[in-house]
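*Asks:* sequence unknown, structure follows:
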């Protein structure tokens, strides 16, 4: 049985994005900080799928979501560390 890249990308999108968003919305910050990490890990798979299938409008939203999830990592991981220091 051969598994093609579309199947891998679709499984990765589902397995990483849904838990990522779910975790990001939790009130417990120890759990919530992992949400943007998982969701950001899904973005290359989103981009691959959209590029291959010529879905350029959706690809634009993937670029925006990548920025949003990167900002979430900055806010929940990097800035949190700086706030603890100062």
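*Replies:* Here it is on my side, so go on. Only a predicted model underlies this, so the values are computations on that prediction, with no experimental measurement involved.
*Asks:* now what about stretch 8-18, what contacts it?
*Replies:* Contact with stretch 8-18 is made by 38, 39, 41, 42, 45, 46, 48, 49, as judged by Cβ atoms under 8 Å, 6 or more residues apart in numbering. Using the backbone N, CA and C atoms, a C-beta is placed for each residue, glycine as well.
*Asks:* from those, which is closest to residue 73?
*Replies:* residue 39 (9.5 Å; Cβ to Cβ).
*Asks:* and the residue nearest to residue 5 when sequence neighbours are not counted, how far is that from residue 23?
*Replies:* Distances taken as Cβ to Cβ, 6 or more residues apart in numbering place residue 48 nearest to residue 5, at 7.1 Å, with adjacent residues excluded. Separation of residue 48 from residue 23 (Cβ to Cβ, to the nearest Å): 23 Å.
*Asks:* now swap in residue 79 and tell me
*Replies:* 18 Å.
*Asks:* Now render the contacts of stretch 8-18 as JSON lines, adding distance to residue 62, secondary structure and pLDDT.
*Replies:* Supplementary listing: the contacts of stretch 8-18 in JSON lines, determined by distance: Cβ to Cβ, whole Å; DSSP: H, G, I helix; E, B strand; the rest coil; pLDDT from 0 to 100:
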{"residue": "38", "distance to residue 62": "15", "secondary structure": "helix", "pLDDT": "96"}
{"residue": "39", "distance to residue 62": "11", "secondary structure": "helix", "pLDDT": "96"}
{"residue": "41", "distance to residue 62": "13", "secondary structure": "helix", "pLDDT": "97"}
{"residue": "42", "distance to residue 62": "9", "secondary structure": "helix", "pLDDT": "97"}
{"residue": "45", "distance to residue 62": "10", "secondary structure": "helix", "pLDDT": "96"}
{"residue": "46", "distance to residue 62": "5", "secondary structure": "helix", "pLDDT": "96"}
{"residue": "48", "distance to residue 62": "10", "secondary structure": "helix", "pLDDT": "95"}
{"residue": "49", "distance to residue 62": "9", "secondary structure": "helix", "pLDDT": "94"}
